[in-house]
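[1] Here is my input; please provide its structure:
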Amino acid sequence: MLTSQLFSVWLGVRETPWILLGVVMDILFSDPPWRYHPVRLIGHVINAFESLSRRFARSPLQLRIAGVMLVTAVLLGVSALVTALLVVAHIFSIWAFRILIVLLTYWGVAIRGLAEAAIAIYRPLAQGHWEEARLYLSMIVGRETEKLDPAEIIRGTIESVAENTCDSIVAPLFFTFLAGPAGLWLYKAANTMDSMIGYNNPQYHDLGWAAAKVDDILNWIPARISGVAIAVAAILDGRFHQSYEMMRKDGRRHPSPNSGISEAAMAGALDVQLGGFNTYHGVVSLRPKIGQSNGPMTVPMIIHAVSIVMRVALLVSLTFAFLAVALTGRWLP
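    I've put the predicted structure just below:
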């Protein structure tokens, strides 16, 4: 009986309609801004584990061990809790189970949220309000934004939109269809840890090493799906070849093994050049140039990038749904 329950919980392809309904809810209503959102709760747990780790770990080796323990505890805890909730819901009522799938998917993807974050930067930029645009950009990037000129604000926005196409859309959907909401929230926990402690700086180099590596591993396939999806989405602009070739040519130039894939594909789709100087906590970082440009960056390019992201979300959702039907031989459970 328990094996059957776990099979139902972990096999996302069997629950395609409810997963897609969660995606539609995200597009219609965006992420709910409430204090008990699962990502925020995971963040509180990570902060607590970090504080505990630093109380007992002092040397680089001890910090790395503590980092491995932190990652293991959070990933196992989150996936076990989501699995338990789904099993209980499945035992209680099939409709309670389906509603929970919808909600967990809705909370786990961020299609509209990503679009809204980019548009929030676009609006003041279009009106010449640089300070406001820098403020909104600082909410979605880790780099310092106080001294960025308009072209650099546009570049930072496009880079963030491209990278988050994987982190906020493709990877969550990939793991949901692969392993149900438990797989989705295992990924979200790993991605949240990477965004909080996975930095290669003196503070987190050792404690965050495991979080960064796990996130790199989990994102390896979704990042490449994201790059191809961006190129396919660029067909409507007549730039599939440019996007795909740029992904192949420059995708590996980024320091991250994954972020450069979607950034290069987006650079080819928009005919822009990304990369360059960024400043993180007072330290200047020179990123390799990605893509080629035949002209200056313009504010409408942000809207163009958002339109590509929305096409990617539709394309990936329908592709996963088609594969789910092909594998299960049915549409409705």
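[2] contacts, neighbours, all on C-alpha from now
    OK.
[3] low-scoring pLDDT stretches of the stretch 201-333 of the chain, where are they?
    Scanning the stretch 201-333 of the chain for pLDDT under 70 picks out 279-284, 330-333.
[4] can you give me the strands for it?
    274-280, 283-290 (DSSP state E, counting those that start in this stretch).
[5] Please identify the most buried of these.
    Of all these, strand 274-280 has the most neighbours on average by mean count of other Cα atoms under 10 Å, namely a mean of 17.
[6] Which residues does that one contact?
    Under the criterion Cα atoms under 8 Å, 6 or more residues apart in numbering, residues 142-144, 155, 159, 263-264, 267, 284-291 lie in contact with strand 274-280.
[7] I'd assumed Pro255 was in contact with Asp216.
    No: the criterion here is Cα atoms under 8 Å, and Asp216 misses it with Pro255 at 11.5 Å.
[8] In terms of neighbours, single out the busier of those two.
    For Asp216 versus Pro255, neighbours defined as other Cα atoms under 10 Å are more numerous around Asp216 (19 against 10).
[9] list the contacts for the more buried one?
    Going by Cα under 8 Å, 6+ apart, Asp216 touches 256-258.
[10] so Asp31, which of the three states?
    For Asp31, the assignment made with DSSP: H, G, I helix; E, B strand; the rest coil gives coil.
[11] Need phi/psi at it.
    As for Asp31, its main-chain torsions (degrees, to the nearest 10) stand at phi -70, psi 130.
[12] How many residues are close by Asp194?
    Look at Asp194: counted by other Cα under 10 Å, it has 21 neighbours.
[13] again, but for the one 4 residues further on
    Neighbouring residues of Gly198 were enumerated by other Cα under 10 Å; the total is 24.
[14] surely it meets Ala211?
    Yes: using Cα under 8 Å as the test, Gly198 is close enough to Ala211 to be in contact (5.5 Å).
[15] Apart from its chain neighbours, what residue comes closest to Leu63?
    Leu207 (4.8 Å; Cα to Cα, 6 or more residues apart in numbering).
[16] residues in contact with that neighbour?
    So Leu207 contacts 60, 63-67, 197 (Cα under 8 Å, 6+ apart).
[17] Go again with 6 Å.
    Residues in contact with Leu207 (Cα atoms under 6 Å, 6 or more residues apart in numbering) are 63-64, 67.
[18] Which stretches in the stretch 1-150 of the chain count as helices?
    2-10, 16-29, 38-56, 60-92, 94-108, 111-126, 130-138, 150-164 (DSSP state H, counting those that start in this stretch).
[19] Of these, which is nearest Thr192?
    Of all the helices of the stretch 1-150 of the chain, it is helix 38-56 that lies closest to Thr192, at 6.9 Å by Cα to Cα.
[20] what angle separates that closest one from helix 94-108?
    Here helix 38-56 runs at 70 degrees with respect to helix 94-108, directions being taken by axes from the mean of the first three to the mean of the last three Cα atoms, to 10 degrees.
[21] Closest one to Ala118 out of the contacts of Leu207, please.
    The closest of these to Ala118 turns out to be Gly67 (Cα to Cα; 32.6 Å).
[22] Near that closest one, how many other residues are there?
    With other Cα under 10 Å as criterion, Gly67 counts 26.
[23] ok, it - contacts?
    207-208, 210.
[24] okay, it: pLDDT?
    The per-residue pLDDT reported for Gly67 equals 96.
[25] ok, it to Ala211 distance?
    7 Å (Cα to Cα, to the nearest Å).
[26] between the helices of the stretch 1-150 of the chain, which gets nearest to Met297?
    helix 150-164 (5.9 Å).
[27] if we look at the closest one, which residues are touching it?
    Applying Cα under 6 Å, 6+ apart, the external contacts of helix 150-164 come out as 259, 262-263, 297.
[28] can you state the direction angle for the helix or strand just after it and helix 38-56?
    Counting by DSSP states H and E, the next helix or strand C-terminal to helix 150-164 is helix 171-197. Put simply, helix 171-197 runs at 40 degrees to helix 38-56, going by the same axes, to 10 degrees.
[29] name the helices or strands packed onto helix 171-197?
    helix 60-92, helix 209-233 (3 or more Cα pairs under 6 Å, 6 or more residues apart in numbering; DSSP states H and E).
[30] ok, 7 Å please
    The helices and strands touching helix 171-197, judged by 3 or more Cα pairs under 7 Å, 6 or more residues apart in numbering; DSSP states H and E, are helix 2-10, helix 38-56, helix 60-92, helix 94-108, helix 209-233.
[31] So which of the ones you listed is the most surrounded?
    Of those, helix 209-233 is the most buried (mean count of other Cα under 10 Å), at a mean of 23.
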